[in-house]
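the following block contains a protein sequence and its predicted model.
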Amino acid sequence: MADNFVEFAKSQMGAVEKLLKGLPGISGYIDKELRRDADKRVREAIAAALDQSKATLIGVQNALLKGGGLALMDDVNAALINLQTLADRIKTASYGYAGLFDPVRIKEQQLDALVRFDKALAQQVGVVNEKIAALAQAVKEKAGVDAAIEQLNQTVNELNALFAKRSQAVEQPGLLDDPAYAPPADGVSN
């Protein structure tokens, strides 16, 4: 996902930017700026997906309320609040910390690890959507609603933990030197 944004940003570079990129010492700086921009765009896309998930969950919550599930509103509301909080954290997170994006300090291995975090976050948003769909089905069938809410809350909590771990890695890039810190390349989270 991040790689796509970096390639898009490179394709949109003007003649002056391309000329500057060819100068010794400038190329790395421009690449880091593109990566910073890509990081921001990836996070914006993930936050937008979470906003859509939240909107879907509000619809499920309304259906639950209409079906007499007032007692379960607090549990669904907890998932809504956690989704909103996470989306806000992702939208407002600082990007381009000097330690991670500084041309002198950054290692390709660290950038690769950060990309794996982004991919894992995007995949986990998909899992959240699956849990919301399962909750919607449970509400419709009026069976297993408690379990579906619990699974949704657990998945949202895992997504929050994954983003917290990514944020910590951005602040302390040395953590990314440990191959086990970031999600594996195959997308299965640790």
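On my side now, so go ahead. It should be emphasised that the depicted structure is a prediction, and the values quoted were computed from it without experimental measurement.

number of nearby residues for Ala71?
10 (other Cβ atoms under 10 Å). The way it works is simple: take the backbone N, C-alpha and C, and place the C-beta from them, glycine included.

an error on my part: the question was meant for Ile46.
Ile46 has 22 nearby residues by other Cβ under 10 Å.

show me where pLDDT drops low in this structure?
The chain contains residues with pLDDT under 70 at 1-33, 94-106, 187-190.

quick check: which element contains the residue most central in space within it?
Centroid-nearest residue in the chain, with Cα atoms, centre = their mean: Leu121, separated by 3.9 Å. Taking DSSP states H and E as the definition, Leu121 sits inside helix 108-141.

helices or strands next to that helix in the packing?
helix 2-11, helix 26-66, helix 145-171 (3 or more Cβ pairs under 8 Å, 6 or more residues apart in numbering; DSSP states H and E).

what packs against the last one?
In other words, helix 145-171. Using 3+ Cβ pairs under 8 Å, 6+ apart, the elements in contact with helix 145-171 are helix 73-92, helix 98-101, helix 108-141.

hey, which of the ones you listed is tucked in deepest?
Ranked by mean neighbour count, the helices and strands packed on helix 145-171 are led by helix 108-141 with a mean of 19 (mean count of other Cβ atoms under 10 Å).

the inter-axis angle of that one versus helix 145-171?
Comparing the axes of helix 108-141 and helix 145-171 via axes from the mean of the first three to the mean of the last three Cα atoms, to 10 degrees yields an angle of 160 degrees.

ok now helix 108-141, how far from the chain's centre?
Put simply, helix 108-141 sits 8 Å off its chain's centre (Cα atoms, centre = their mean, to the nearest Å).

next one: stretch 84-94
With Cα atoms, centre = their mean, you get 9 Å for stretch 84-94.

which residues does it contact?
43-44, 46-47, 50-51, 54, 156, 159-160, 163, 167, 170 (Cβ atoms under 8 Å, 6 or more residues apart in numbering).

among those residues, which one sits closest to Ala63?
Lys54 (15.1 Å; Cβ to Cβ).
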